[in-house]
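Colleague: sequence unknown, structure follows:
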């Protein structure tokens, strides 16, 4: 069979863009919300843009807005940031092999691994006419561009128009819910999703809202490791059905 000629980065970005549209719509709105919240603290809009370029931590940036207040120590900032983003340890472990094949691009892929990008990297099938590493790299670049654009719009608008930012931080939670529902409705192997739901619910009831993330993530990881062979066999069967 004649192999399809795989294009360069231009084709990778054109191919990846349609898959990132849900993140585009979500990141614009929650980026705008972050920009408004940041600007309300009295900082220049350029700082919000710079933070989205250099930090790019999503929920971590929302949390960081509350750190810019008197009495918040460095150890408090470090501990809270670590706890909020501890799930990325598990994300990274699951992508070691895939990123290892990407050469120097893996450094940016590690930096840009947000919840939404991680989700896209796993659920999106790489088209045959584009190289995998370039396709995944394009997804990561596009997602951050959406976040930076949203932050800029929010920060600039917040400096020009008065906003009531009460409740605006719920935008991040709403995006997570939309992405989860979209993946669920797409079908496929739902075992990891069910494990995640049950673990999070159980440990939320046991430890409360402030302390359930770490134990639930550990439980999810153990369940996925123990059930890896079964989950992978189910995924292979789905791929085979799609090919048929």
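Modeller: Yes, it's here. These figures come from a predicted structure and were not determined experimentally. Residues are numbered from 1 along each chain as shown.

Colleague: For the rest of this, base every contact and every neighbour count on C-alpha atoms.
Modeller: OK.

Colleague: so what's the spatially closest residue to residue 85 that is not a sequence neighbour up against?
Modeller: Leaving out its chain neighbours, the residue that sits closest to residue 85 by CA to CA, 6 or more residues apart in numbering is residue 60, at 6.9 Å. Counting by CA atoms under 8 Å, 6 or more residues apart in numbering, residue 60 touches 81, 84-85.

Colleague: Among those residues, find the lowest-pLDDT one for me.
Modeller: Scanning those for pLDDT, the low point is residue 84. It has 72.

Colleague: tell me which element that residue is part of?
Modeller: helix 74-85 (DSSP states H and E).

Colleague: What is that helix packed up against?
Modeller: helix 59-65 (3 or more CA pairs under 8 Å, 6 or more residues apart in numbering; DSSP states H and E).

Colleague: I'd like the distance from the helix it packs on to the chain centre, please.
Modeller: In terms of CA atoms, centre = their mean, to the nearest Å, the gap separating the centre of helix 59-65 from the centre of its chain is 14 Å.

Colleague: Equivalent analysis for stretch 29-46, please.
Modeller: Its chain's C-alpha centre and that of stretch 29-46 lie 20 Å apart, by CA atoms, centre = their mean.

Colleague: Sketch out the low-pLDDT regions of the chain for me.
Modeller: Counting by pLDDT under 70, the chain has low-confidence residues at 1-7, 68-72, 163-173, 175-176, 179, 183, 186-188, 234-244.

Colleague: From residue 105, how far off is the one residue sitting closest to the centre of it?
Modeller: Taking CA atoms, centre = their mean as the criterion, residue 115 is the residue nearest the geometric centre of the chain, at 2.0 Å. In this view, residue 115 and residue 105 are 19 Å apart by CA to CA, to the nearest Å.

Colleague: May I have the phi/psi pair for residue 130?
Modeller: With angles defined as degrees, to the nearest 10, residue 130 sits at phi -140, psi 150.

Colleague: hmm, I was thinking of residue 44
Modeller: phi -60, psi 150.
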